[in-house]
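Asker: Sequence and predicted structure below; questions after.
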Amino acid sequence: MKDISTAEKIQILVVEDEEKLCSTIEEYLQMSDYQTMEARSGTEAVRVFGTDEDEWPDLVLLDLMLPGMSGFDVLTKIREKSNVPVIILTAKCSEEDQLRGFSLGADDYLVKPFLLSVLKAHIEALMRRAKGTARRKTYGALSIDDKARKVFLNGQYVPLTPREYEVLRYFTDNEKIVLRRDRFLDEVWGIDYNGTDRSVDTIVKQIRLKLGKYGKYIDTIYGIGYRFEVKDDEDN
């Protein structure tokens, strides 16, 4: 995500199939020193949003009733790879629709018709919250979104089990520190766990496989345990 210390650096993706409304929103945002991009269908929205983190907008304004793919489906696709703030803008005002939107990861929900000044206030409030919290912590090619509990490699989502995520976070919280297996059992599994340290080895092996060539970030310290340390990205 870009530096959002000034409004003109914020890029907003407007996903709206009504041409007049889309143009009106974009013109107003541009007058307020935001940059905009647009999509008129759900399928186009997913394409415009992009696959790499560097391509992602800073915020998405998302209609729900779209041709090609519903806004709910677009939101699901976005949340598979990103925690970029999303404000739903829709005529669908039922409690069920609102609850569904929030359950899929929407950050805000505005019912049409709305005042553009109110929309701007919602955008500003949401961006202030985003600025106030670190969206991701980065370790070389690896980035971790603590809020979403998701892991990315070079911007691509890497699915981990809850236990794999917890072990990886324990690694990154203790970067460059040699960690004994029994520390993992105590801190991640809990002191009441009755298993053996083979459980740690199994999880570490699975994490390395999912990280691919970046599994080299995890060193085995023979006879002791493991150490996490970011290394150059070239293959070893």
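Answerer: Everything's here; your move.
Asker: Tell me the buried residues in the helix or strand bottoming out on mean pLDDT in the chain?
Answerer: Least confident element among the helices and strands of the chain, by mean pLDDT, DSSP states H and E: helix 116-132 (a mean of 81). Within helix 116-132, the residues scored as buried using 16 or more other Cβ atoms under 10 Å are 119, 120, 122, 123, 126, 127, 130. C-beta here means a position set from N, CA and C on the backbone, and glycine is covered the same way.
Asker: Check what contacts that helix and list those residues.
Answerer: Applying Cβ atoms under 8 Å, 6 or more residues apart in numbering, the contact partners of helix 116-132 are 1, 4-5, 10, 12, 24-25, 28-29, 32, 34, 58-59, 61, 85, 87, 89, 107-108, 110.
Asker: just the strands in this protein please.
Answerer: With strands called from DSSP state E, the chain shows them at 11-15, 35-39, 59-62, 86-90, 108-111, 137-139, 142-145, 150-153, 156-158, 179-180, 218-221, 225-228.
Asker: Which elements pack onto the fourth one?
Answerer: Here strand 86-90 touches strand 59-62, helix 71-79, strand 108-111, helix 116-132, going by 3 or more Cβ pairs under 8 Å, 6 or more residues apart in numbering; DSSP states H and E.
Asker: quick revisit: dump the strands of the chain to TSV, plus mean pLDDT, mean neighbour count and distance to residue 46.
Answerer: Converted to TSV, the strands of the chain look like this (pLDDT from 0 to 100; neighbours: other Cβ atoms under 10 Å; distance: least, Cβ to Cβ, whole Å):
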stretch	mean pLDDT	mean neighbour count	distance to residue 46
strand 11-15	92	23	10
strand 35-39	91	18	8
strand 59-62	92	26	11
strand 86-90	89	22	13
strand 108-111	85	17	20
strand 137-139	87	14	25
strand 142-145	89	18	19
strand 150-153	88	20	17
strand 156-158	88	16	14
strand 179-180	92	16	40
strand 218-221	94	14	33
strand 225-228	94	20	34
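Asker: out of those strands, which comes closest to residue 164?
Answerer: Counting by Cβ to Cβ, residue 164 lies closest to strand 150-153 out of the strands of the chain; the figure is 8.6 Å.
Asker: pLDDT weak spots in the protein?
Answerer: Segments of the chain classed as low confidence (criterion: pLDDT under 70) are 1-9, 130-135, 191-196, 233-236.
Asker: Can you give the domain ranges for it?
Answerer: 7-132, 137-228 (automatic domain parsing).
Asker: tell me the most buried of the ones you listed?
Answerer: domain 7-132 (a mean of 17; mean count of other Cβ atoms under 10 Å).
Asker: Relative to the whole chain's centre, how far out is that domain?
Answerer: 15 Å (Cα atoms, centre = their mean, to the nearest Å).
Asker: what does stretch 222-232 give?
Answerer: 27 Å.
Asker: got the end-to-end distance for that stretch?
Answerer: Taking Cα to Cα, to the nearest Å, stretch 222-232 runs 22 Å from one end to the other.
Asker: what sits up against it?
Answerer: Contacts of stretch 222-232 (Cβ under 8 Å, 6+ apart): 139-140, 142, 171-172, 174-181, 183-184, 200, 204, 216-221.
Asker: now stretch 201-214
Answerer: Contacts of stretch 201-214 (Cβ under 8 Å, 6+ apart): 140-142, 153, 158-161, 163-164, 167-168, 181, 215, 217-218, 226, 233, 235-236.
Asker: can we see that at 7 Å?
Answerer: 141-142, 153, 158, 160, 163-164, 167-168, 215, 217-218, 226, 235 (Cβ atoms under 7 Å, 6 or more residues apart in numbering).
Asker: ditto for stretch 13-20
Answerer: 22, 25-26, 36-41, 45, 48-49, 57, 60-63, 66-67, 74.
Asker: Since that was my last question, I'll sign off now.
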